[in-house]
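**Q** how would this look folded up:
(one chain, ligands or ions: 2)
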Amino acid sequence: MVYAAKLGHPGGDMSAADVLATLYSNVLKIDPANPGAPDRDRFILSKGHCSAALYSVLAETGYFPVAELSEYMKPLSKFSGHPDRNKLPGVEANTGPLGHGLPIAVGAAKAAKIKGESWRVFVMTGDGELQEGSNWEAAMAASHFQLDNLTLIVDRNRLQQGDETERTITMEPLAERFRSFGWAVREVDGHDISLLLQTFGELPFEKGRPNCVIARTHKGRGVSFMEDRVEWHHKVPLAEELATALKELGEEAE
Ligand SMILES: Cc1ncc(C[n+]2csc(CCOP(=O)(O)OP(=O)(O)O)c2C)c(N)n1
Ligand SMILES: [Mg+2]
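**A** Ligands and ions are numbered 1, 2, ... in the order given. Okay, the predicted model is just below:
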């Protein structure tokens, strides 16, 4: 998709892919045939620059045909660079400006509590994204309101746009920070599918506390020349790089 569009954020798409695939295949209570079902679980991709990963997983889940992904980032496309809930079924919130997905998710989780309904809210942020102060206001509110129906997944790939997170604004000790805000926290390998399944299967981690899963991941996961390389945040592969990448991922070029 990124190669065809000559635009995108492949590094962060690939760090998030295993978590997204796990959520959509085995965790979220959703029905692609009825995307607006009132009792569905909600997932919000707060790191909206990784829309290609979300669109791919939504397509594979059955919200729309996989073939439509070729429209990614074309002018006026439904598959815009950042997700738009008014354009595509399955997209729960418009994101892109970082720092808004968690606040929206807190509001949704609070709404479920007020209504006495059992649907859950999941949200993924980037790790660099957590430098936005709005997240920490939302984190305080989530524990105050005892939103144990809310799960934040932090894509802890340790890189942001131009550098390592720790060289930009120190994020550690990230787990301790969330615990001090009243959250129940797990740290997991974000590419270990069986561990992710087990972890999500244990939700809520503690009654009355919002849940935080810090998923340790790698930008550009699965492709040797992309993994942990900051430039692949926003870089487009050349034709030969695409061929190598697809080969390493066990995919056929189309
Ligand atoms: C408010 C805001 N500021 C800046 C940007 C530009 N931007 C897009 S992605 C990004 C880096 C995000 O890093 P991280 O959250 O770690 O995402 P990931 O590593 O998962 O791609 C930035 C600064 C933005 N989208 N929103
Ligand atoms: Mg990051």
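**Q** And what about Ile214, helix, strand or coil?
**A** strand (DSSP: H, G, I helix; E, B strand; the rest coil).
**Q** Within range of ligand 1, give me the residues from the chain.
**A** 9, 12, 15, 47, 49, 96-99, 126-129, 155, 157, 159-161, 219, 233 (Cβ under 6 Å from any ligand atom). No exception for glycine: its C-beta is placed from N, CA and C like everyone else's.
**Q** Below-threshold pLDDT in the stretch 101-250 of the chain: ranges please.
**A** For the stretch 101-250 of the chain, not a single residue meets the criterion pLDDT under 70.
**Q** That one: strands as residue ranges?
**A** Secondary structure of the stretch 101-250 of the chain (DSSP state E, counting those that start in this stretch): strands at 121-126, 150-156, 184-189, 211-216.
**Q** Is it correct that Ala59 is in contact with Leu69?
**A** Yes: between Ala59 and Leu69 there is a contact at 5.7 Å, judged by Cβ atoms under 8 Å.
**Q** In the stretch 101-250 of the chain, which residue sits closest to ligand 1?
**A** Among all residues of the stretch 101-250 of the chain, Gly126 sits closest to ligand 1, at 1.9 Å; criterion: Cβ to the nearest ligand atom.
**Q** what's around that residue, how many residues?
**A** Close neighbours of Gly126, defined as other Cβ atoms under 10 Å, add up to 28.
**Q** Bridged to it, which residues?
**A** Counting by DSSP bridges, Gly126 is bridged to Asp155.
**Q** for the protein, what's the longest helix?
**A** Using DSSP state H to define each element, the chain has its longest helix at helix 101-115.
**Q** Check which residues of that one are buried.
**A** Residues of helix 101-115 classed as buried by neighbour count (16 or more other Cβ atoms under 10 Å): 101-106, 108-110, 112.
**Q** Contacting ligand 2 as well, which ones from the residues you listed?
**A** Among these, no residue lies close to ligand 2 (Cβ under 5 Å from the ion).
**Q** List just the nearest of those to Met1.
**A** Nearest to Met1 among the buried residues of helix 101-115, counting by Cβ to Cβ, is Gly101 at 21.3 Å.
**Q** who are the neighbours in contact with the closest one?
**A** Residues in contact with Gly101 (Cβ atoms under 8 Å, 6 or more residues apart in numbering) are 44-48, 93, 95, 123-125.
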